[in-house]
Each structure stands twice: as C-alpha cells, then as structure tokens.
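**Q** below: sequence and its predicted model.
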Amino acid sequence: MTVKTWRCHICGDAYIGEDRPTHCPFCGAPDRHLGPAEDYKEPTVDNLTEVSKDNIFEAIKLEVDNAQFYFCASRNAKDIELRARFKALGKVESEHAETLAKIVKAQKPVIDRDTTGRHEDDTALVQESHDREQKAIERYGKFLGEATEPRVKEVFSALVEIEKTHMDLADKK
C-alpha cells in the first residue's frame, strides 16, 4: 500500500490516500483540481477589481447562509440519509466560504451551526436546498462572466460545477 498526499487547487486542503479521490472531500471540486501535494503552490491574487471583490463578498455571504441552512436542515430532517447529506453539504458550503475569504484576505467566516429554521418537512427542506443551489449557480455564473483575474475565474468556475452536483443531490431525494 502506497499512501500519497493530494492537494486541492481550489480549497488547498490535503487528502491522504492511495488514490486521488474523484472529488475533493472538503470542497467537492472534481479530481482534475487535485494534484500531488509536492506540486501544490499556494494561489495568490493581486490587484482584484472592485467588481470581483464585491462579487466575492456577496458569494461569501451566500455560502455562509447556505451552510447555516444545511446545518439546521441536518437537525430537522426526518430521513437519516437526508440528515447526513445536509450535514455534509453544510461542511462543503463552509469550505467554500473559507476559500473565497482567502482570495480577498478576509477573516475566516463565522458559521452558526445552531441556526433554527422554519421547515420541519423533508420535502420542503429538499425544495429549499434546490432553490438555494439554483440561486448559487446563477450568481456564480454571473460572477464568473464578470471576473478578469484567472484565480477568481478558476474558483467561480469550480463553484458553479460543484453547486450543480449539489443540485443533483437535491433532485435525487
């Protein structure tokens, strides 16, 4: 058994295992964004445009809100698989908020894992999840189109793809 360390080029987190995972276990980025840890270089972004800064801060707020929703939904869902899925999505959305904060050199966002929600019905939770992911996909597609910085484009492109997988998860329940 040969254990390797892989680094995600989107979130920067390390994964240890024999094989590269199909997706980053932390942010959900597809495997093409994962490479050997020894090849990893911390991405930097200098001279962000005001548009990119504003878009990133809006995206951080959206990710924090979605993370809080998912942690709440994980406590409220009746179905055990759905509870686990929502908890995992809360962690992924938290990772997205942290990744975005690094780009603008902001403090790590605070995620309230004890937020209370208004839905007690699993169907309503899944619908809200679907709606939130659709909103994220639309916003991040717009932000991607407005970005001029390669790193910002890379991150928003990955986030659009990742959020689409979240949408698939919501649709399957």
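**A** Sure thing, it's come through.
**Q** how about residue 77, what does it touch?
**A** 83, 86, 122, 125 (C-beta atoms under 8 Å, 6 or more residues apart in numbering). In this view, the C-beta of every residue, glycine as well, is placed from N, C-alpha and C.
**Q** residues contacting the residue lying closest to it once chain neighbours are set aside?
**A** With C-beta to C-beta, 6 or more residues apart in numbering as the criterion, residue 77 has its nearest non-adjacent residue at 4.5 Å, and that residue is residue 83. Contacts for residue 83 (C-beta under 8 Å, 6+ apart) come out as 74, 75, 77.
**Q** secondary structure element holding residue 83?
**A** Using DSSP states H and E, residue 83 maps to helix 80-103.
**Q** please identify the buried residues of that helix?
**A** 82-83, 85-87, 89-103 (16 or more other C-beta atoms under 10 Å).
**Q** same deal with stretch 162-169?
**A** Those would be 162, 163, 166, 167, 169, for stretch 162-169 by 16+ other C-beta under 10 Å.
**Q** which of the contacts of residue 83 fall within helices?
**A** Within the contacts of residue 83, residues falling in helices by DSSP state H are 74, 75.
**Q** which of the contacts of residue 83 lies closest to residue 38?
**A** residue 74 (36.0 Å; C-beta to C-beta).
**Q** quick one, helices of this structure?
**A** In the chain, the helices defined using DSSP H lie at 50-76, 80-103, 122-146, 150-172.
**Q** neighbouring contacts of the last one?
**A** Outside of helix 150-172, the residues within contact range by C-beta under 8 Å, 6+ apart are 9-10, 23, 27-30, 33, 43-45, 48, 52, 55-56, 59, 85, 89, 92, 96, 99-100, 103, 126, 129-130, 133-134, 136-137, 140-141, 143-144, 147.
**Q** thought residue 12 was touching residue 37?
**A** No: with contact defined as C-beta atoms under 8 Å, residue 12 does not reach residue 37; the gap is 10.5 Å.
**Q** the more surrounded of the two?
**A** Set residue 12 next to residue 37 and count neighbours by other C-beta atoms under 10 Å: residue 12 wins out with 17 against 13.
**Q** now do the contacts for the more buried one.
**A** Here residue 12 is in contact with 40, 42, 43, 99, 102 (criterion: C-beta under 8 Å, 6+ apart).
**Q** so how many other residues sit close to the second one?
**A** Put plainly, it is residue 42. The burial count assigned to residue 42 is 7, neighbours taken as other C-beta under 10 Å.
**Q** related to what we said a few turns ago, okay if I get the contacts of residue 77 as TSV plus pLDDT and distance to residue 151?
**A** Putting the contacts of residue 77 into TSV (pLDDT from 0 to 100; distance: C-beta to C-beta, whole Å) gives the following:
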residue	pLDDT	distance to residue 151
83	93	35
86	95	30
122	93	38
125	93	34
